[in-house]
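In: Quick one: sequence plus predicted model below, questions after.
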Protein chains: 2
Amino acid sequence: MKQTDVLVIGGSATGLVAAMTAKSDNPDKSVTMIRKEEIVMIPCGIPYIYGTTQNSENNILPDGGLVKLGVDIIVDEVVEVDKEKKICRTAKGETVSYDKLILGTGSEPVIPGWLKGTDLSNVFTIPKDKTYLDGLQDRLNGLEKVVVVGAGFIGVETSDELHKAGKQVVLVEILPYILGATFDDEFASEAQEKLIARGVTVRSNLGITSINGEGKVESVTFNNGETIPADAVILSLGYKPNIELAQAMGLEINDFGFIKADQYRRTSMQDVYAAGDCASKLDFATGRLSKIMLASTACTEARIAALNLFELNTYTVFRGTVGIYSTCIGETAYGVAGLIEKNARKEGFQIVTGSFTGVNRHPGKIDDSHAETVKLIVSKRSGVILGGEVMGGKCIGQLINAIGIAIQNHMTVHDLLITQIGTQPLLTASPAGFPLIKAAEIAARALR
Amino acid sequence: MKQTDVLVIGGSATGLVAAMTAKSDNPDKSVTMIRKEEIVMIPCGIPYIYGTTQNSENNILPDGGLVKLGVDIIVDEVVEVDKEKKICRTAKGETVSYDKLILGTGSEPVIPGWLKGTDLSNVFTIPKDKTYLDGLQDRLNGLEKVVVVGAGFIGVETSDELHKAGKQVVLVEILPYILGATFDDEFASEAQEKLIARGVTVRSNLGITSINGEGKVESVTFNNGETIPADAVILSLGYKPNIELAQAMGLEINDFGFIKADQYRRTSMQDVYAAGDCASKLDFATGRLSKIMLASTACTEARIAALNLFELNTYTVFRGTVGIYSTCIGETAYGVAGLIEKNARKEGFQIVTGSFTGVNRHPGKIDDSHAETVKLIVSKRSGVILGGEVMGGKCIGQLINAIGIAIQNHMTVHDLLITQIGTQPLLTASPAGFPLIKAAEIAARALR
């Protein structure tokens, strides 16, 4: 029987960061990762294997960092845990004893039960599974018409990439606009226009009721009665936590089906931690249970779990999901952090907003300049920044992080007004028209 | 006699933001700007008129925003202020009475008295003066060998652009590396290599003692005795505040020659404010008098002055110069915020540092990926982040702002470890190898 001080189950973002942090932080402890996959995909890079990076070989999470640190990697599946003796038994019949256990079992795609025809051939999902994804890519060869159902980030990115790869892509979304669950309408509608301009057919405000065909996909029927031809269907309707093992162990599960975990990412069982997609989370702003799954948040949680294994640190706690996303359609990027306007109002926040559009270079005549818009969502009573949305050039991927840091520090718009920023003609907007600060000015004026 | 509620003297970054903020914040008050220049240059864009943007016409600070708001613009120079009656007299003989006065008189290039030959023809500086800069560009036509003296941001950017425009450029710097006053050596040396690889001749560790020639520049002599031929010399040895008017008014001036201004940017005289390059500042981290001049900081100060004109706001105060800079050499950008390691040690801070190099896309095989390095400078006792340096792709212009916001919130490295960030394959580093967070991890480990 193998003995390890720390056992990490799962090899994606959570497993990787948990194992590396545990070992870096406790060089004298042995750390072992058990994962099902021989080769692990970079989760967020998956949509891009269909176009930008060409194939899954270019999207592999390397083991080098783990190996160099001295983390043992076992490719196998844990099928049973003896929680009294702290021993795992694997599918291949191995046993591993542990002192501390971190569950990073992740999530898998949702296939809705109400949808007819999901068992037909050429109906796919996007799991984090290289063999499946390679098979999907092979199977799409020779197929022309692909219908992608669900226009969240995965659906949008996959549609754009499949179109890039030469497919005729129809993206179906039940909300008025793509990315509409994550962005306010003025951003989501812009993103939708950009995606359409690139050649993806977007059918929004529309659900699907059935996938039809004899043995394999032939068409898709919408909830308005319309039927369109299809050679393949990709379902991107969200993910659900993998909790079978946790359930078998008797860990407490929350109402949304996530493993209950506290601010140190401890589960209901002594010495067992959970982080990432499988672990429960509260929302940073609302305190409600959150269903958001993000690799970036998973990494933060994994780090927190690992840093609290052998000693609790009151300052290393998970403070709830902020929800910082970004994506890119062509040359335009979109980012969001925290609460958007429509959700803030729905929750009952009294808010003001400030929006400003400028240019991300100064002068604007510099070659690679791009319009840049920032919107801030601000609590009326306190002036605290509850959320932000941005669209612009590729650097908004970092601008939204600046806003994310502001939100996590509970900064007010007044704080932002006196915040110094760095600007440079080739790199940023002008200091006099910096959209983040101008949006704060407008919001501050709305507060008066 | 013209009457105005708010009079802003100066039309560059400070004047623009002060006037626009004063008017936006007080729509019922009249706001007037008096400036010397008919047409104002975007200050930070000046080096780029020699290559990237081709000429000064593409680098103009537009008046549209001022005009639209209803700010009156007078092109003239204030030569005298009657501080009892609150009346300005201009060079053209006009008089303007004011209630509140904001001085944004800026700065001008330093020409050192000890340097021989600065009065020769074809010796230039880089003032914020369109007529002068256009003349300089004309005069450089037909000249080949340009020696730029002083490798701060202006010197480096100007050298790179003049080389781009076809000149043989020699950049002389007395420190071991270009940008060496602003960056630690590992960043400055990298920047130097990049600039050399682009074709600029860099002579560092070297001062100049004289500019030689009969009437016009023919050569330059270094402090090692060497003399090299030169057709033109550009001095970029820093700027000094324009304080003649302030002195004439009897305002208090600090030891470095700046107009004394408090946290609301009030001068020693009732109803007179100063902001930007001409106004005194303390350093955010050390509390010492600062000599740093930055358009971005000037804009923050201008906003603060304007927001405190008619009512003081305790939350709208200038908290000292953080010093957030960035620049770009080819495809590689460099950014810094707060204290660098060598200056922190010089000041007597007990510090640790954490540095990490990753890639700014994930997977790294995405086309436009670039190495990305972050270094954090951290107080040993408190874990507070005192400063950060970054180099990488163009988005480090926003990454350094994220770090700047962290510094201004007195975040510790422990705070950063639990900070959520947003990541996306086409836009940022991977969440598992995000250089900012990895650098924080390394620094946190060094604290233990």
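Out: Nice, I can see it.
In: need the contact list for the residue lying closest to residue A:279 once chain neighbours are set aside.
Out: Of all residues not flanking residue A:279 in the chain, residue A:261 sits nearest, at 4.3 Å (Cβ to Cβ, 6 or more residues apart in numbering or on different chains). Yep, even glycine has a C-beta here, placed from its N, CA and C like the rest. Applying Cβ atoms under 8 Å, 6 or more residues apart in numbering or on different chains to residue A:261 gives the contacts A:267, A:273, A:274, A:275, A:279, A:280, A:281, A:301.
In: Of these, which is the nearest to chain B?
Out: residue A:301 (9.2 Å; Cβ to the nearest Cβ).
In: Backbone dihedrals for that closest one, both of them.
Out: phi -60, psi -40 (degrees, to the nearest 10).
In: if I look at it, how far off is residue B:295?
Out: Distance of residue A:301 to residue B:295, given as Cβ to Cβ, to the nearest Å: 40 Å.
In: ok, now residue A:418?
Out: 16 Å.
In: out of these two, which sits in the busier spot?
Out: residue B:295 (24 against 21; other Cβ atoms under 10 Å in any protein chain shown).
In: Spatially, what comes nearest to residue A:45 if we skip its sequence neighbours?
Out: Closest to residue A:45 by Cβ to Cβ, 6+ apart is residue A:59, at 4.2 Å.
In: Just give the closest residue to residue A:26, not the sequence neighbours.
Out: Closest to residue A:26 by Cβ to Cβ, 6+ apart is residue A:310, at 6.3 Å.
In: quick check, that neighbour in a strand?
Out: No - applying DSSP: H, G, I helix; E, B strand; the rest coil, one finds residue A:310 to be coil, outside a strand.
In: Do you know the pLDDT at residue A:314?
Out: At residue A:314, the pLDDT value in this model is 82.
In: Check the secondary structure at it for me.
Out: Secondary structure for residue A:314, judged by three-state DSSP, is coil.
In: Near it, how many other residues are there?
Out: Using other Cβ under 10 Å, residue A:314 has 9 neighbouring residues.
In: roughly how far apart are it and chain B?
Out: 10 Å (Cβ to the nearest Cβ, to the nearest Å).
In: for that residue, phi and psi?
Out: The phi/psi pair for residue A:314 (degrees, to the nearest 10) is phi -60, psi -20.
In: separation between it and residue B:414?
Out: Counting by Cβ to Cβ, the gap from residue A:314 to residue B:414 is 10 Å.
In: Residue A:209 now?
Out: 51 Å.
In: Compare those two (neighbour count), which wins?
Out: Using other Cβ under 10 Å as the criterion, residue A:209 and residue B:414 rank with residue B:414 on top: 19 against 16.
In: Name the nearest residue to that one, sequence neighbours excluded.
Out: Sequence neighbours aside, residue A:315 is the residue nearest to residue B:414 in space, at 4.7 Å (criterion: Cβ to Cβ, 6+ apart).
In: Surely the one you found and residue B:415 touch.
Out: Yes - using Cβ atoms under 8 Å, residue A:315 makes contact with residue B:415 at a distance of 7.4 Å.
In: Compare these two and say which is more crowded by neighbours.
Out: residue B:415 (20 against 11).
In: And the pLDDT at the more buried one?
Out: pLDDT, residue B:415: 97.
In: Backbone dihedrals for residue A:245, both of them.
Out: According to degrees, to the nearest 10, residue A:245 has phi -60, psi -40.
In: dump the residue contacts of it.
Out: A:9, A:78, A:79, A:81, A:103, A:105.
In: do the same with residue A:128
Out: For residue A:128, the contact set (Cβ under 8 Å, 6+ apart) comprises A:12, A:40, A:41, A:43, A:46, A:106.
In: what's the farthest-apart pair in the residues you listed?
Out: Greatest spacing in these, by Cβ to Cβ: A:46 and A:106 (12.8 Å).
In: Neighbour count for these two, which is higher?
Out: residue A:106 (26 against 23).
In: Distance check, that one against chain B.
Out: To chain B, residue A:106 is 14 Å away according to Cβ to the nearest Cβ.
In: Check what pLDDT the spatially closest residue to that residue that is not a sequence neighbour gets.
Out: Excluding the flanking residues, the one nearest residue A:106 by Cβ to Cβ, 6+ apart is residue A:277, at 4.8 Å. pLDDT for residue A:277: 98.
In: what's the answer for residue A:365, then?
Out: 87.
In: Over to the one 4 residues further on?
Out: For residue A:369, the model assigns a pLDDT of 95.
In: likewise residue A:448?
Out: 89.
In: thinking again about what came up before, could the contacts of residue A:128 go into a markdown table alongside distance to residue B:385 and secondary structure?
Out: Compiled in a markdown table, those are given as follows (distance: Cβ to Cβ, whole Å; DSSP: H, G, I helix; E, B strand; the rest coil):
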| residue | distance to residue B:385 | secondary structure |
| --- | --- | --- |
| A:12 | 30 | coil |
| A:40 | 32 | coil |
| A:41 | 34 | strand |
| A:43 | 29 | helix |
| A:46 | 34 | helix |
| A:106 | 32 | coil |
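In: Export these to TSV and append columns for distance to residue B:353.
Out: TSV is the format used below for the contacts of residue A:128 (distance: Cβ to Cβ, whole Å):
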residue	distance to residue B:353
A:12	31
A:40	32
A:41	34
A:43	31
A:46	36
A:106	35
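In: Pull up the residues of the stretch 151-300 of chain A that are close to chain B.
Out: Where the stretch 151-300 of chain A comes near chain B, counting by Cβ under 8 Å from any Cβ of the partner chain, the residues are A:284, A:294, A:295, A:296, A:297, A:298, A:299, A:300.
In: So which of those residues belong to helices?
Out: Judged by DSSP state H, these include A:295, A:296, A:297, A:298, A:299, A:300 as members of helices.
In: which secondary structure elements does the one helix or strand residue A:335 maps to contact?
Out: Residue A:335 belongs to strand A:332-338 when assigned by DSSP states H and E. With contacts defined as 3 or more Cβ pairs under 8 Å, 6 or more residues apart in numbering or on different chains; DSSP states H and E, strand A:332-338 has these neighbours: helix A:185-197, strand A:324-329, strand A:385-392, helix A:396-408.
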